[in-house]
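Undergrad: sequence plus predicted model, see below.
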Amino acid sequence: MTIQEAAAALRARTVSAAELADAALGRITKLQERLNAFITVTEERARERARQADEELARGVDRGPLHGIPVAVKDVFCTRGIRTTCGSKLFADFVPDRDAAVVEKLEAAGAVPLGKTNMHELAYGITSGNPHFGAVRNPWDTERIPGGSSGGSGAAVAGGMVFAAMGSDTGGSIRIPASFCGTAGLKPTFGRVSRYGVMPLDFSLDHMGPMTRSVRDAALVLNAIAGYDARDDTSSRKPVEDYLPGVDASIRGLRIGLPENFYFDRLHPEVDRAVRRMAELAEELGARVVPVRVPDMAAVNLVGRVILLSEASALMGRHLDRREEFGADVLALLDQGRLMPATDYINAQRLRRMMQQEFQCVWKQADLLLTPATPTTAPRIGQTTVEIDGEMEDARLASTRLVRGINVLGLPALSMPCGFSSEGLSVGLQIIGRPFEEELILRAGAALEDAIGVRDRIAEL
Amino acid sequence: MAGPMETRNTKRDWKQIAHGLALDIPESDLENLTPALNAMDAAFAPLAANIPHEVEPAITFGWPAEEGA
C-alpha cells in the first residue's frame, strides 16, 4: 500500500491512523532483530499521534495526504525530547531541545513518526554497518548491505515498516540505499529543503529528502517538507510547486539525455540492461532519447571528495581526541580530511564553480538525464571491493561513483527501482534534472513507474 | 585570464604534515592513509593547477546586514 492508497483508505474510514500505526509498529517489532533498521522506536508517542490524527479526521480537520501516515526519520534529524545519535557513540545520549525543520513540517502535515532510523556512523559511509548500533541489513537479502548512509530508512521502507522515511544525502546517501533497497529516493536541489536541525556531515553538500514506496509518494512528502526557512542560510526563496504527478503523468516530447560517457562505464551487465531498457521505454512513451556528453564527472567526484573530507573534518575535528569512539572507516576519513591543505579545499570550491557552469551545457541538449544510480546491486555485508568488468573496485567509491557529483553540482536527482536482478536484488535508475525542476523529475519517474509497474514492492520477510 | 600553472614534482610527506599540524594520528594509521592520500593528491593537483585566476570559490560570504534582505 502506498501513501496515496493509505490516505484514501483513511478518508473512506476503511482503516484508521491507529490501525496503520499498530500494523507498522508490529512490523517493526517483527523485523527489528533481522534488519536493525531503527535506533529508537517511539511507540507510545506514535500511538498518541495516531489517536490525535484519527480524532482530527473525525472532526473534519484534514492536514493533507500525510495525515495519519506512519513515517520515520534518519537519526540525524533532531527530535525534541527524543535521543538523536547521528549513529555515533559521541551523541549516544544527546537529546535535542528542538525539532529539525523537516520534522516540524512532517508533524504539521499530520504524519505519525514512529522513530529514528539506523544509519552509517555520522552519515559518513555507504554500508550502514554501524559499529555502535549494529549493522542494518538489506530486506531483499539480509546478508547484503542496504546501502547508506540512510540505510535504516531504506530498510524500513523496503521492509514495509513505514510508508516513508527521511534521509540525508551528502554523496549519495539517499540514492544509494534507494537503489539497493528498491525504493524511491529523492535528493532535492540544494536549498529546496531546510537543513535546520539536521546534524551536519558537511556544510555545502548535505541535502535532505524522502525515501518512499513510490515516486508519487516521494512527491507527496516533498510537498510537505519543501520551502524557504530563514533558519537555514542556504535555504532558497524560490516558490515551491505542487510536485505530485497526475494520474496521467506523461513524458511525451521531453528530451531525455542518455550519457555517452562516464555513466555507463564499468556497470554490472544486469544494471546496464535494466537502465537501457528504461531509456527504450521512455522512447516508447513519447520522449526523445538523445545521446549527450557530460563533463568530466570523475573530476567532479574528486572535487566532491576533497570538499567533503575537508568540511567533515572541520566539523568533527574537535571530537578527535576521543579516537576510540569512532569506527575505523569513519576515523580514517576524518584523519584524511585533517591532512587536506586549506589550499586544496579552496581550489576544490573554485573548481566546483567552474564545473557548475560547465554542466549547464548538458541542459541545452536535454531536459533530464537518465543514468544508473549505482553500478552494481547491493554488495554483501563486509565486502570491501566489487568486481565489475573483471576489475576490482573499492565498494565505497563504486557505490558513490554515479551519485556524488550531483551533490557537488547541487542538482535534484531521483533514484527509483527499474527492475530486479537474477539474484532478486533491486536495480536503481537515476533521473537528474535542472536546479529546482523536481516536478519534472518526479513526473518522468511516475510515468516510467506506471509503465513498468515496479512500485510498492515490499520484501517478503 | 589563465593563471600560471603550479607544478609539483614531489609527493607530499603526510607524516611531516601531520607532525607540523600537531595532529595526534598514530603512525600506523598514517601509513594506512598514505596510499589514498597520494592517489587523491596526484589526481587533484593537475586540476587545481589549471584554474584561471579569476575563478572564485563556489561558496562566498555575505554581510549579515544584507543576508535575508
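TA: Looks like it came in fine.

Undergrad: what helices and strands are in contact with the host helix or strand of residue A:417?
TA: For residue A:417, the host element (DSSP states H and E) is strand A:413-420. Here strand A:413-420 touches helix A:175-181, strand A:184-187, helix A:215-225, helix A:269-284, strand A:426-433, helix A:438-452, going by 3 or more C-beta pairs under 8 Å, 6 or more residues apart in numbering or on different chains; DSSP states H and E. All C-beta atoms are positioned from the backbone trio N, CA, C, and that covers glycine.

Undergrad: that strand pairs with which strands?
TA: Strand pairing for strand A:413-420, using DSSP bridges, gives strand A:184-187 (antiparallel), strand A:426-433 (antiparallel).

Undergrad: need the ones you listed in a markdown table (columns: mean neighbour count and mean pLDDT).
TA: Listed next are those as a markdown table, based on neighbours: other C-beta atoms under 10 Å in any protein chain shown; pLDDT from 0 to 100:
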| stretch | mean neighbour count | mean pLDDT |
| --- | --- | --- |
| strand A:184-187 | 33 | 98 |
| strand A:426-433 | 28 | 98 |
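
Undergrad: need the winner for burial among the helices and strands packed on strand A:413-420.
TA: When the helices and strands packed on strand A:413-420 are scored by mean count of other C-beta atoms under 10 Å in any protein chain shown, the highest mean neighbour count falls to helix A:175-181 (a mean of 36).

Undergrad: related to what we said a few turns ago, could you give the angle of the strand holding residue A:417 to helix A:215-225?
TA: Orientation note: strand A:413-420 sits at an angle of 160 degrees relative to helix A:215-225 (axes from the mean of the first three to the mean of the last three C-alpha atoms, to 10 degrees).

Undergrad: so for strand A:413-420, mean pLDDT?
TA: Averaged over strand A:413-420, pLDDT sits at 97.

Undergrad: just stretch A:200-213 next, same as before
TA: Averaged across stretch A:200-213, pLDDT comes to 96.

Undergrad: and the end-to-end length of it?
TA: One end of stretch A:200-213 sits 26 Å from the other (C-alpha to C-alpha, to the nearest Å).

Undergrad: could you check which residue of chain B lies nearest chain A?
TA: Proximity of chain B to chain A (C-beta to the nearest C-beta) peaks at residue B:57, 3.6 Å away.

Undergrad: contacting residues around that residue?
TA: A:346, A:349, A:350, A:352, A:353 (C-beta atoms under 8 Å, 6 or more residues apart in numbering or on different chains).

Undergrad: just those residues: which are in helices?
TA: A:346, A:349, A:350, A:352, A:353 (DSSP state H).

Undergrad: select from the residues you listed the one having the most neighbours.
TA: When neighbours are counted by other C-beta atoms under 10 Å in any protein chain shown, residue A:352 leads the ones in helices among the contacts of residue B:57 with 24 neighbours.

Undergrad: how close does it sit to residue A:306?
TA: Note on residue A:352: its distance to residue A:306, by C-beta to C-beta, to the nearest Å, is 9 Å.

Undergrad: which bits of chain B sit near chain A?
TA: Selection of chain B residues close to chain A by C-beta under 8 Å from any C-beta of the partner chain yields B:14, B:17-18, B:21, B:23-25, B:29-30, B:32-33, B:36-37, B:40, B:43-44, B:47-48, B:51, B:55-59, B:67-68.

Undergrad: narrow those to just the buried residues.
TA: With burial judged by 16 or more other C-beta atoms under 10 Å in any protein chain shown, the buried subset of those is B:14, B:17-18, B:25, B:29-30, B:33, B:36-37, B:40, B:44, B:47-48, B:51, B:55, B:57-58.

Undergrad: who touches the residue in chain A that chain B sits nearest to in this structure?
TA: Here chain A gets closest to chain B at one residue, residue A:349, 3.6 Å apart by C-beta to the nearest C-beta. Listed by C-beta under 8 Å, 6+ apart, the contact partners of residue A:349 are A:204, A:307, B:57, B:58, B:59.

Undergrad: rerun that using 6 Å as the cut-off
TA: B:57, B:58, B:59 (C-beta atoms under 6 Å, 6 or more residues apart in numbering or on different chains).

Undergrad: show me the residues you listed that map onto helices.
TA: Using DSSP H, none of those sit in helices.

Undergrad: as JSON lines, these with pLDDT and distance to residue A:24 would be great.
TA: Formatted as JSON lines, the contacts of residue A:349 follow (pLDDT from 0 to 100; distance: C-beta to C-beta, whole Å):
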{"residue": "B:57", "pLDDT": "94", "distance to residue A:24": "45"}
{"residue": "B:58", "pLDDT": "92", "distance to residue A:24": "41"}
{"residue": "B:59", "pLDDT": "78", "distance to residue A:24": "40"}
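
Undergrad: could you look up the SS state of residue A:256?
TA: strand (DSSP: H, G, I helix; E, B strand; the rest coil).

Undergrad: any low-confidence regions in chain B?
TA: B:1-9, B:60, B:62, B:64-69 (pLDDT under 70).

Undergrad: which helices and strands does the longest helix that it contains pack with?
TA: In chain B, taking DSSP H as the definition, the longest helix is helix B:27-49. Applying 3 or more C-beta pairs under 6 Å, 6 or more residues apart in numbering or on different chains; DSSP states H and E, one finds that helix B:27-49 contacts helix A:297-316, helix B:14-20.

Undergrad: which one of those is the most hemmed in?
TA: helix A:297-316 (a mean of 23).
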